[in-house]
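*Asks:* What follows is a protein structure lacking sequence information:
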């Protein structure tokens, strides 16, 4: 299932908090999270969060907004 | 005989912060750090003492910011033409200006507006998020009595205790003093 999280315009720590809430809401392994943000710090923070949480994270684009695809499995 | 050395986790599993500042600019870092750490599954214990107690009051209107005696503060107008917004008034105006009536109210208004424009949420909302994420908050009973607060002045979901309880709760944590 695809979950879209729009945190564009929100500053640190909101993108990570929104991602965390979505992860808690959709605990199944198949869920794929598409996180959109404009907070520049997120380019490093989101992968760091994902690594620590054991998630797979890939940066899809950085302009005009940052987008990550995040999943629990490869 | 083999001795097993336990591998240290690269991430500390607990974070504690002793928060002593009662201004709006200092309230943000503690709640930002706490909510992020809690989102990363750390057990977070916040201990509020002295002026830091202001951060736990139901009414957050008392949290203000002032450039007076605060030379590090960047004081820019959130409104007006671009050249006007670029001026750091804390650098160009003499400190005496910030003693005038209404100066801290103006600075607080500008700070709040700037934070909202940058996509930051109001501090009460960030605090509520922390509680929702399981951050444990303790108000120092000794300073509550000292400063004449009442327990009903504080938000729900926090506990009241002293320094010994704080240290008992946070035996091996990454601790910060703000």
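*Replies:* Yep, that arrived. Here the structure is a predicted model, which is why all the values come from computation and not from measurement.
*Asks:* Tell me who's in contact with the residue positioned nearest the centre of chain B.
*Replies:* The residue at the geometric middle of chain B, judged as the C-alpha nearest the mean C-alpha position with C-alpha atoms, centre = their mean, is residue B:27 (2.1 Å). With contacts taken as C-beta atoms under 8 Å, 6 or more residues apart in numbering or on different chains, residue B:27 has the following neighbours: B:21, B:54, B:55, B:60, B:63, B:123. To be clear about C-beta, it is placed using only N, CA and C from the backbone, and glycine gets the same treatment.
*Asks:* so how many other residues sit close to the closest residue to residue B:42 other than its chain neighbours?
*Replies:* With C-beta to C-beta, 6 or more residues apart in numbering or on different chains as the measure, residue B:15 is the residue that lies nearest to residue B:42, at 5.0 Å, once sequence neighbours are left out. Residues lying near residue B:15 (other C-beta atoms under 10 Å in any protein chain shown) number 22.
*Asks:* just residue B:80 next, same as before
*Replies:* Other residues near residue B:80 number 11, with proximity taken as other C-beta under 10 Å.
*Asks:* How about residues contacting the helix or strand containing residue A:70?
*Replies:* Residue A:70 is located in strand A:66-71, with elements delineated by DSSP states H and E. Surrounding strand A:66-71, the residues in contact under the criterion C-beta under 8 Å, 6+ apart are A:19, A:31-40, A:42-43, A:46-47, A:50, A:55-61.
*Asks:* can you give me the offset of that strand from its chain's centre?
*Replies:* How far strand A:66-71 lies from its chain's middle: 5 Å, per C-alpha atoms, centre = their mean, to the nearest Å.
*Asks:* Adjacent strands (with direction) for that strand?
*Replies:* If you go by DSSP bridges, strand A:66-71 pairs up with strand A:32-37 (antiparallel), strand A:56-61 (antiparallel).
*Asks:* So for that strand, mean pLDDT?
*Replies:* Taken as a whole, strand A:66-71 carries a mean pLDDT of 96.
*Asks:* buried stuff in it?
*Replies:* By 16 or more other C-beta atoms under 10 Å in any protein chain shown, the buried positions in strand A:66-71 come out as A:66, A:67, A:68, A:70, A:71.
*Asks:* again, but for stretch B:43-61
*Replies:* Of the residues in stretch B:43-61, those buried (16+ other C-beta under 10 Å) are B:43-50, B:52-57, B:60.
*Asks:* how about that stretch, does it get close to chain A?
*Replies:* No. For stretch B:43-61 and chain A, the contact criterion (C-beta under 8 Å from any C-beta of the partner chain) is not met; the two come no nearer than 12.4 Å.
*Asks:* Now do the end-to-end distance for that stretch.
*Replies:* Separation of the first and last residues of stretch B:43-61 by C-alpha to C-alpha, to the nearest Å is 29 Å.
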